[in-house]
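# Show me how the following folds:
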Amino acid sequence: LEVADLRNQVVDVEDEVALLGAAHAEAATKMDGFFKEVWERCCTVSRQVEMLAAREAENHAKIEKMEQLLGRVTAAVEALDSRGARGGEAGPGMAGLAGE
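Numbers count the residues shown, from 1 in each chain. Predicted coordinates for the structure are as follows:
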């Protein structure tokens, strides 16, 4: 009777080990899925950050070009204004362009 009881206990332990192994495998699969999802989200955010950085650089370059253009237009208006003033007739100058 003791041997039979021990065999039953061994079978019970084997069943528990099998259940624990299955639970562990399921948990590992879920964790793999979770980490894969987190990794994919991180990659997506990284790509978005790279795109935003590229846009920011493009916008910065556009701003610099506009500032240069504004400087050239301002210089041209001031040159025209000073020519008009030398000729006895003042041009509109920057105030005239601004509607003042």
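
# Output the below-cut-off pLDDT ranges for the chain.
Applying pLDDT under 70 to the chain flags the ranges 1, 85-100.

# hey, which helix is longest across it?
If you go by DSSP state H, the chain has its longest helix at helix 2-86.

# Could you check how far that helix is from the centre of its chain?
Offset of helix 2-86 from its chain centre (C-alpha atoms, centre = their mean, to the nearest Å): 7 Å.

# What helices and strands are in contact with that helix?
Using 3 or more C-beta pairs under 8 Å, 6 or more residues apart in numbering; DSSP states H and E as the contact test, the elements touching helix 2-86 are helix 93-97. Heads up, the C-betas are built off the backbone N, CA and C, glycines and all.

# what residue is smack in the middle of this structure?
Relative to the mean C-alpha position of the chain, the nearest C-alpha, by C-alpha atoms, centre = their mean, is the one of residue 49, at 2.0 Å.

# Against residue 5, how distant is it?
Residue 49 sits 65 Å away from residue 5, going by C-beta to C-beta, to the nearest Å.

# Could you do residue 70 as well?
Between residue 70 and residue 5 the distance is 95 Å, computed by C-beta to C-beta.
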